[in-house]
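A.B. asks: kindly generate the corresponding structure for this input.
(one chain, ligands or ions: 1)
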Amino acid sequence: MTKTFPTLTLLACCLALYSTDLLSSKHAHARTHQIMTAMDNPAAATYNSNCASCHQRGVMGAPKPGDSRFLADIDMLVENAIKGIGNMPARGHAAFLSDDEIRAVVEFMRSPN
Ligand code: HEC
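C.D. replies: Residues are numbered from 1 along each chain as shown. Have a look, this model is predicted:
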């Protein structure tokens, strides 16, 4: 019991957060959109798994998909995404992504629709 208690508390917190999110139809809609896009475009799936946590809501000033910052030179954007810049961690903490995968995601983030 003493061991499982913190785990259960953590689980309960996650569940609480998750269900609040589910109750908001706006987020549910956004999620459906993300899933559908992911089926059409593998880069969208990579984005959802590795970049959306910051970029979808602009955490710490991360530019959202379609932001005018993505109109900058593509090679420079890709290089900054690979090496990291400001609060943007190198490869978004996803070191397993290849340079080509990063490029494909940045291209997706430029014009997500
Ligand atoms: C931990 C949060 C976080 C994650 C995860 C993250 N980013 Fe970022 N990203 C940022 C922030 C914050 C910025 C703005 C950096 C700045 O200019 O200070 C940024 C900026 C960028 C930029 C713009 C760089 C420029 O030159 O203006 C690109 C491109 C980018 N991220 C790509 C990605 C990709 C691709 C992924 C997933 C593989 C990713 N990011 C994951 C936080 C994140």
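A.B. asks: local confidence estimate at residue 24?
C.D. replies: Residue 24 is assigned 51 on the pLDDT scale.
A.B. asks: same deal with residue 46?
C.D. replies: For residue 46, pLDDT reads 96.
A.B. asks: and it, which of the three is it?
C.D. replies: Assigned with DSSP: H, G, I helix; E, B strand; the rest coil, residue 46 falls in the helix class.
A.B. asks: tell me how far it lies from residue 113.
C.D. replies: Distance, residue 46 to residue 113, by Cβ to Cβ, to the nearest Å: 17 Å. (Glycine included, C-beta is placed from N, CA and C.)
A.B. asks: how does this protein divide into domains?
C.D. replies: 1-40, 42-113 (automatic domain parsing).
A.B. asks: for those domains, which has the smallest mean pLDDT value?
C.D. replies: domain 1-40 (a mean of 54).
A.B. asks: which residues does residue 66 contact?
C.D. replies: 109-113 (Cβ atoms under 8 Å, 6 or more residues apart in numbering).
A.B. asks: most surrounded residue in those?
C.D. replies: With neighbours defined as other Cβ atoms under 10 Å, the most crowded of the contacts of residue 66 is residue 109; it has 24 neighbours.
A.B. asks: quick check: that residue touching residue 47?
C.D. replies: Yes - here residue 109 reaches residue 47: they are 6.5 Å apart, a contact under Cβ atoms under 8 Å.
A.B. asks: so what sits against both of those two?
C.D. replies: 55, 65.
A.B. asks: and the residue nearest to residue 64 when sequence neighbours are not counted, how far is that from the ligand?
C.D. replies: Nearest residue to residue 64 in three dimensions, chain neighbours excluded: residue 58, at 5.3 Å (Cβ to Cβ, 6 or more residues apart in numbering). To the ligand, residue 58 is 8 Å away according to Cβ to the nearest ligand atom, to the nearest Å.
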